[in-house]
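[1] only the shape, not the letters, is given here:
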């Protein structure tokens with residue numbers, strides 16, 4: 001099994017986002033956030049993923065390596081209102097769109113560009129109470145079977161036991177439509193395919209991402225011949241055959 005290095009975590013901001021945090025916190029809150037994220041990402045848990053589990057651990061270690069913030073000894077000060085997080089789904093990260101955000105009793109409708117990454121910020125020009133610019137952090141939350149990590153997207157796809165065992169061509173339904181991929185024979189499971197350039201679009205210094213598809217076994221997946229027959233039956237109705 002290949003162990004991924006912590007260098008895959010692009011920044012502290014991305015590490016905090018992977019744990020569901022918006023910034024530095026105390027050791028107790030950090031530990032609680034790590035336990036929640038690790039439990040949700042465990043490969044043996046429903047919806048879990050081995051790659052995401054490793055990244056959660058790497059994010060926790062990266063934050064730990066920076067040292068937990070020490071409590072200030074100065075007199076207590078008034079807490080400022082925390083900035084809201086702009087939460088979007090992977091599809092909106094791919095194409096951009098409109099998102100509603102609640103900020104200081106105000107409802108804001110923001111237009112976000114395509115290609116945003118978790119940990120980046122959206123600037124609200126003169127959005128502060130003192131007319132200063134406000135920068136809101138972005139979090140891409142998993143949705144509709146898509147998980148976003150860095151530049152790349154991840155999903156699972158059901159394949160027949162024959163394909164997983166003997167290999168062959170596989171048509172995969174992705175967010176960009178059906179894409180064909182070739183599965184080599186004798187691969188060690190779990191099998192992960194890379195669909196090039198189907199991740200987040202290039203933006204600024206960030207490159208075009210890819211889509212990684214983990215194949216899972218499903219007994220009720222039809223064979224290629226059965227699939228072609230089903231498509232033919234849907235198109236060639238008795239009325240068309242009579243014509």
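    Perfect, I can see it now. All figures in this text were calculated on a predicted structure; none of them were measured in a lab. Residues are numbered from 1 along each chain as shown.
[2] residue 201 and residue 126, how far apart?
    29 Å (Cβ to Cβ, to the nearest Å). Placement of C-beta: from N, CA and C, glycine included.
[3] next one: residue 154
    In terms of Cβ to Cβ, residue 154 sits 38 Å off from residue 126.
[4] more crowded one of the two?
    residue 154 (21 against 10; other Cβ atoms under 10 Å).
[5] mind checking pLDDT for the more buried one?
    Reading off the per-residue confidence, residue 154 sits at a pLDDT of 96.
[6] need the contact list for the closest residue to it other than its chain neighbours.
    Leaving aside its sequence neighbours, residue 154 sits nearest to residue 147 (Cβ to Cβ, 6 or more residues apart in numbering; 4.5 Å). Applying Cβ atoms under 8 Å, 6 or more residues apart in numbering to residue 147 gives the contacts 49, 52, 90, 153, 154, 155.
[7] nearest to residue 218 among the residues you listed?
    Of all the contacts of residue 147, residue 155 has the smallest distance to residue 218: 14.4 Å, by Cβ to Cβ.
[8] name the element that closest one belongs to?
    In this structure, residue 155 sits in strand 152-159 according to DSSP states H and E.
[9] in that strand, what's buried?
    Using 16 or more other Cβ atoms under 10 Å as the test for burial, strand 152-159 gives 152, 153, 154, 155, 156, 157, 159.
[10] any idea which of those is closest to residue 19?
    The shortest gap between residue 19 and any of the buried residues of strand 152-159 belongs to residue 154, at 17.5 Å (Cβ to Cβ).
[11] show me the protein divided up by domain.
    Annotated domains of the chain cover 6-65, 86-140, 151-222 [automatic domain parsing].
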